[in-house]
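Q: Please find the sequence and the predicted model below.
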Amino acid sequence: MFASPVLGVATGAALLLLGSAAAAPPEASAAPSETVTVDSVGRIAGNSVTLSGTYRCTDATGSVYISSAVHQGPSAESHSIGGTQAVCDGREHRWENTGNVPDGALKAGEARVEATILEMSPSGVLLVPTFHAVQHQDVTLVQD
């Protein structure tokens, strides 16, 4: 009996997140002092991909994460590559995310990465997403 309400709240929060992301482009809400960068080289070892860069954020009241995703070639399919908890103290910090992709999904060579600073703030029973910064970057994936 308890699992159904929890699952419903989680599903609702996920739908809210997806709807909010589609409704407002992340670039529109980033303050000039908040940035995320992506290093020009990522590493790939088998199915494991590691991406990195720097970030700076301020004025967070909820949990903040640096998320990253990568896609390669003409495929529109993007692969999520981990997430790192962020510290929003106004100083520049390094981030590094590692994640696994399906067999053969990525190979050494050119790729496109998106990195996002995303805050999840409680609002009643829901978590509301706030985008602090986003960066799209062409990178080179090198074989480890």
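A: That came through fine.

Q: can you pull out the helices in the chain?
A: Applying DSSP state H to the chain gives helices spanning 3-23.

Q: helices and strands of it: which one bottoms out on pLDDT?
A: In the chain, no helix or strand scores lower on mean pLDDT, DSSP states H and E than helix 3-23, which sits at a mean of 40.

Q: Now the lengthiest strand in the chain: average pLDDT?
A: The strand that spans the most residues within the chain, counting by DSSP state E, is strand 126-143. Throughout strand 126-143, pLDDT has a mean value of 95.

Q: List the neighbouring strands of that strand plus their orientation.
A: Paired neighbours of strand 126-143 in the sheet (DSSP bridges): strand 41-45 (parallel), strand 109-123 (antiparallel).

Q: could I get those strands as TSV with mean neighbour count?
A: Backbone N, C-alpha and C define where each C-beta goes, glycine included. Output for the strands paired with strand 126-143, formatted as TSV (neighbours: other Cβ atoms under 10 Å):
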stretch	mean neighbour count
strand 41-45	17
strand 109-123	18
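
Q: centroid residue for this structure?
A: Of all residues in the chain, the one closest to the mean position by Cα atoms, centre = their mean is residue 67, 1.8 Å from it.

Q: what residues are up against it?
A: By Cβ atoms under 8 Å, 6 or more residues apart in numbering, residue 67 lies in contact with 80, 82-83, 97, 115-116, 118.
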